[in-house]
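J.: The sequence and its predicted three-dimensional model are supplied below.
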Amino acid sequence: MADRTILHCDCNGFYASVECLLHPEYRNVPMAVCGDPESRHGVILAKNEPAKRYGIQTAETVWQALRKCPQLALAPPHRAEYVKYSRLVNEIYLRYTDQVEPFSIDESWLDVTGSGLLFGSGPEIADELRRVVEEETGLTISVGVSFNKTFAKLGSDYKKPNATTVLSRESYRRLLYPLPVERFLYVGESAGERLRRAGIHTIGDLAQARRERLVELLGKSGGDLWDMANGLDNAPVRRFGESREVKSVGNGMTFRRDLLGMQDIRLAISVLADSAAARMRRHHLRCTTVQVTIRSPNFHTITRQKRLPAPTALAADLRTAAIELIRAVWNEHAPIRMLTVTGSGMVPEEDAGEQLDFFDMGAAEKREKQEHLESALDAIREKFGRDALSFGSVLRNDLGIGSYKNRKEE
């Protein structure tokens with residue numbers, strides 16, 4: 001069977017590039033797009049090429065960036081414009097194939113296996129896309145060309161800006177295997193640390209390790225990483241607009257001040273669980289697992305999860321499980337900068353039936369009342385807006401909690 005031809009197209013410094021199109025005065029000076037420092041969302045979201053020369057890094061704090069480059073121009077994000085440009089770029093991709101799968105607002109995979117007779121080889125299509133996108137939108141893209149999605153993504157990251165990189169069956173080992181293991185797709189800080197402790201320092205080390213050893217270290221994801229590093233990723237590129245299976249639903253928030261004590265934690269968990277549960281009900285899904293991610297002011301992050309006794313989309317269940325997890329792993333007097341509550345292990349609501357305990361009909365009645373209550377909240381919010389009803393304790397809090405627009409959905 002012949003190899004597929006997969007492209008991964010990545011807009012270079014997307015937010016910053018759009019801002020430079022909107023404000024030409026930014027083009028030749030170091031600039032960065034950032035959140036609002038006053039509300040503690042003061043991190044760098046994107047930077048232009050002049051800012052990169054000062055070592056400005058995405059996700060570092062604004063004050064760290066200003067220490068490196070005091071004259072750094074800071075721009076607030078304009079998300080509606082980013083969505084508009086993302087749509088324009090994807091419309092260009094769709095001229096070449098209907099198999100266009102956005103990975104994020106500024107990245108998409110394209111399967112151009114069937115486009116060769118019309119548009120040429122994978123590298124030729126990649127170069128043409130780079131030219132057309134720049135001519136029609138003013139943005140530049142970097143493109144990876146390979147025989148699967150993983151290597152195409154790594155190819156677009158390999159050389160920037162405005163470059164085409166081909167990772168063929170003949171070249172991928174030579175180009176990728178010397179790179180640090182943290183450069184591999186889905187290897188985060190925690191996984192990278194565990195791999196390095198096990199003597200796995202490069203992508204080549206990852207590929208040459210025993211698959212069973214990686215499963216011991218990282219669970220199922222370790223086996224997936226081994227498969228991908230050895231070129232065994234066969235995932236298809238979805239057609240544009242094809243719905244993606246919802247595997248988890250969560251909400252997270254970085255607070256205006258650190259959470260201190262259980263009163264703050266309960267308030268934050270209540271709001272996040274309420275929002276996540278409402279989204280599950282909109283999707284007609286139930287979760288079987290609750291996960292909590294906690295980040296301290298010095299950016300130390302831990303994630304813990306627990307299996308639920310039955311599938312649920314009730315905020316009350318998510319809240320109870322999340323608070324139990326926090327009590328088990330966190331000193332309630334230690335400050336918390338960010339919290340995320342996520343439901344995973346999703347099942348359709350029609351498949352989420354549970355065996356009721358004949359001797360605990362009181363609990364069943366209580367659960368039914370809670371379901372009616374939360375469904376009523378959904379109906380009111382549907383009619384009057386998502387912020388129409390909230391918890392009384394949310395009023396006049398100083399954490400920045402109080403509106404859905406402050407929360408990050410996953």
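T.: Looks like it arrived, so ask away.
J.: Would you mind giving the secondary structure of the closest residue to residue 268 other than its chain neighbours?
T.: Spatially, and ignoring its direct neighbours in sequence, residue 268 is nearest to residue 339 (5.3 Å; C-beta to C-beta, 6 or more residues apart in numbering). Yep, even glycine has a C-beta here, placed from its N, CA and C like the rest. State at residue 339, reduced to three classes by DSSP: H, G, I helix; E, B strand; the rest coil: strand.
J.: Verify the stated contact: residue 339 with residue 273.
T.: No. With contact defined as C-beta atoms under 8 Å, residue 339 does not count as touching residue 273 (10.3 Å).
J.: pLDDT score assigned to residue 12?
T.: Looking at residue 12, its pLDDT is 93.
J.: Quick check, pLDDT for the residue nearest to residue 268.
T.: Looking at residue 339, the pLDDT reads 92.
J.: how close does it get to residue 289?
T.: According to C-beta to C-beta, to the nearest Å, residue 339 and residue 289 sit 17 Å apart.
J.: For residue 81, give me its contacts.
T.: 18, 22 (C-beta atoms under 8 Å, 6 or more residues apart in numbering).
J.: any idea which element it lies in?
T.: helix 79-93 (DSSP states H and E).
J.: Also residue 287?
T.: Counting by DSSP H and E, residue 287 is part of strand 285-295.
J.: List the strands paired with whichever helix or strand comes after that strand, with their directions.
T.: Per DSSP H and E, the first helix or strand lying C-terminal to strand 285-295 is strand 301-312. Applying DSSP bridges to the sheet, strand 301-312 is found paired with strand 285-295 (antiparallel).
J.: what's the distance between the partner strand and the middle of its chain?
T.: In terms of C-alpha atoms, centre = their mean, to the nearest Å, the centre of strand 285-295 is found 15 Å from the chain centre.
J.: so the residue nearest to residue 268 bridges to which residues?
T.: The residues that residue 339 bridges to, once DSSP bridges is applied, are residue 253, residue 294.
J.: for it, what are its contacts?
T.: 252, 253, 255, 259, 265, 268, 269, 272, 292, 293, 294, 295.
J.: Wait, the third one touches residue 335, no?
T.: No. Here residue 255 does not reach residue 335: they are 9.7 Å apart, not a contact under C-beta under 8 Å.
J.: ok, the two, which is more surrounded?
T.: residue 255 (21 against 15; other C-beta atoms under 10 Å).
J.: Quickly note the distance from that one to residue 337.
T.: Residue 255 is 7 Å from residue 337, by C-beta to C-beta.
J.: go on, residue 156?
T.: 32 Å.
J.: again with residue 144
T.: Taking C-beta to C-beta, one finds residue 144 at 34 Å from residue 337.
J.: So for those two, which residue has more residues nearby?
T.: Comparing residue 144 with residue 337 by other C-beta under 10 Å, the one with more neighbours is residue 144, at 28 against 19.
J.: Return the angle between stretch directions for the helix or strand containing that one and helix 79-93.
T.: Per DSSP H and E, residue 144 falls inside strand 141-146. Angle, strand 141-146 to helix 79-93, by axes from the mean of the first three to the mean of the last three C-alpha atoms, to 10 degrees: 50 degrees.
J.: who does strand 141-146 touch, helix- and strand-wise?
T.: Judged by 3 or more C-beta pairs under 8 Å, 6 or more residues apart in numbering; DSSP states H and E, the packing partners of strand 141-146 are strand 6-11, helix 122-137, helix 149-158, strand 164-167.
J.: Having no further points to raise, I will conclude here.
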